[in-house]
Each structure stands twice: as structure tokens, then as C-alpha cells.
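A.B. asks: give the three-dimensional model of this entry:
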Amino acid sequence: MKDNFLKYKKIGLMSILAIVVIVSVIFYNVKGFKQLNKNNTESIFVDDDNLVFENGKEDKLPSQDSVNMSKQMESKLEDKTIVVEIKGQVKKPDVYTIDENSIINDLIDLAGGVTENADLSNINRAKKLQNHEMIYIADKNDSNNDYPQATNMENGSMDNEILVDINTATTDKLKTLNGIGDSKAKSIIEYREQNGGFKSIEEIKNVTGIGDKMFEKIKESITV
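C.D. replies: Numbering: from 1, shown residues only. I've put the predicted structure just below:
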């Protein structure tokens with residue numbers, strides 16, 4: 001009888017121990033599952049204020065100001081180029097997009113250089129290019145080479161006004177300007193020879209006999 005009691009007691013203890021183990025395992029699994037769901041929920045979450053929560057941390061999406069600034073920077077980069085055309089005695093006459101600080105000589109190089117018949121005597125190759133400008137390189141064998149070396153192509157049409165380059169123009173050419181006679185033309189040539197040329201058209205006001213009023217008359221007809 002005593003042996004049977006001990007036997008049942010052992011069975012009871014083992015059953016209780018088994019139940020405890022099973023309950024512990026179930027509790028552990030349930031707790032782990034909840035923790036896993038919590039981690040997954042916090043891993044990636046986007047709210048209405050454009051905040052991204054990842055692994056419990058938040059990062060702001062690019063703001064509208066940042067996007068606008070980026071577009072402005074791209075626009076500024078685009079504005080640093082100009083569109084110009086070169087015709088006449090060059091190897092590859094065409095319309096080119098070039099850096100805004102380029103000079104005529106840069107455009108000639110871009111067009112493959114000049115031909116053997118090119119007349120560069122009236123071309124100021126150091127002149128800075130303007131947007132929508134057209135450069136013409138004349139043929140030295142052409143007796144009628146009065147074609148303007150630089151014309152404006154703004155709005156798709158050619159400006160027929162021939163600008164006088166005060167750094168290269170002869171006395172006779174300068175005398176075609178409104179109010180410029182033989183004396184003032186010679187003074188202009190003398191000034192540019194003594195000062196290494198004009199850096200801007202406004203500098204012509206430094207020439208004796210040419211003041212603000214005279215400059216207003218000729219400023220639309222001259223270039224450097």
C-alpha cells in the first residue's frame with residue numbers, strides 16, 4: 001500500500017513538473033511573438049507630417065524648400081551657357097551652346113577653326129560672346145565683305161544694325177558713328193593704342209571730346 005502511494009506521488013509530481021514546463025514554454029513563445037510584432041511595427045512607419053520612423057528613429061523627408069533650392073541650382077547651371085551661331089569661312093559652321101564667358105576665338109575653335117580663305121582682319125577674336133549672337137567670318141577673296149562680323153539673333157530674327165568695334169575700327173569706320181568726326185575718331189584710336197584697348201563701351205567716355213551726351217548717341221552702335 002505504501003509502495004503504491006509513493007508511486008502515485010511520483011507520478012503526480014512529474015505531472016505537475018510537466019505542466020509547469022509546458023506553461024513556461026507557451027508563455028515564452030507568446031511574449032516573444034508580441035515583442036516581434038512590436039519591433040516590426042516600429043521598424044517602418046510614415047506619418048502625415050512626412051516623418052519616416054525606422055528602428056525607433058525618425059528622419060524627415062526632403063522638404064519643399066529643399067526641392068525648390070535644388071531646382072534653382074539646376075536653373076543657375078543652365079544659365080551659365082549661351083547659344084551662338086558662326087557662319088562663313090569656318091570648317092564647321094553651325095549653332096553652338098557654349099560657356100557664357102567664351103570669346104569669339106573659343107567659338108572659332110569649337111567650329112573646327114577657320115578655312116584657308118578666312119579673313120580675320122576685321123574680327124576681334126578677344127571679344128566676349130553674347131547670347132543669340134551670330135558671328136560671320138568673311139572670305140578674303142570676296143570683294144564685298146561688308147557683312148557684319150557680329151549680329152544679334154534674339155527672338156529668331158537678325159538685327160541688321162552693324163555695330164562698330166571701337167577696338168578695331170578704322171578712322172573712316174568710326175566716322176560713321178553719330179557725331180564722330182575726323183578729330184574724335186583719331187582721339188579714339190590714340191586712346192586705345194595708349195591704353196591697350198577699351199575694356200567696355202563706357203570707357204570711350206574717357207576720350208577727349210566724348211562725354212555723357214555723346215556716349216548716349218553712339219552707345220547702341222558700338223561694341224568692344
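
A.B. asks: can you tell me the closest non-neighbouring residue to F198?
C.D. replies: Among residues not flanking F198 along the chain, V224 sits closest, at 4.9 Å (CB to CB, 6 or more residues apart in numbering). Using the backbone N, CA and C atoms, a C-beta is placed for each residue, glycine as well.

A.B. asks: actually D106, not the one I wrote
C.D. replies: That would be I98: by CB to CB, 6+ apart, it lies 6.5 Å from D106.

A.B. asks: pretty sure that neighbour sits against T81.
C.D. replies: Yes. If you go by CB atoms under 8 Å, I98 and T81 touch, sitting 6.5 Å apart.

A.B. asks: looking at those two, which is more packed in?
C.D. replies: Taking neighbours as other CB atoms under 10 Å, I98 and T81 compare with I98 leading, 17 against 14.

A.B. asks: so the more buried one sits in a strand?
C.D. replies: Yes. Judged by DSSP: H, G, I helix; E, B strand; the rest coil, I98 forms part of a strand.

A.B. asks: how is this protein divided into domains?
C.D. replies: According to automatic domain parsing, the chain comprises the domains 2-60, 77-162, 171-223.

A.B. asks: returning to that earlier point: measure the residue nearest to D106 to S200 for me?
C.D. replies: Going from I98 to S200 by CB to CB, to the nearest Å gives 21 Å.

A.B. asks: do the same with E85
C.D. replies: Going from E85 to S200 by CB to CB gives 24 Å.

A.B. asks: where do the strands sit along the chain?
C.D. replies: 44-46, 51-54, 57-60, 81-88, 94-99, 118-119, 133-139, 150-152, 164-165, 222-223 (DSSP state E).

A.B. asks: over to stretch 123-134 now: how far is its first residue from its last?
C.D. replies: This stretch, stretch 123-134, spans 13 Å end to end (CA to CA, to the nearest Å).

A.B. asks: swap in stretch 117-130?
C.D. replies: 26 Å.
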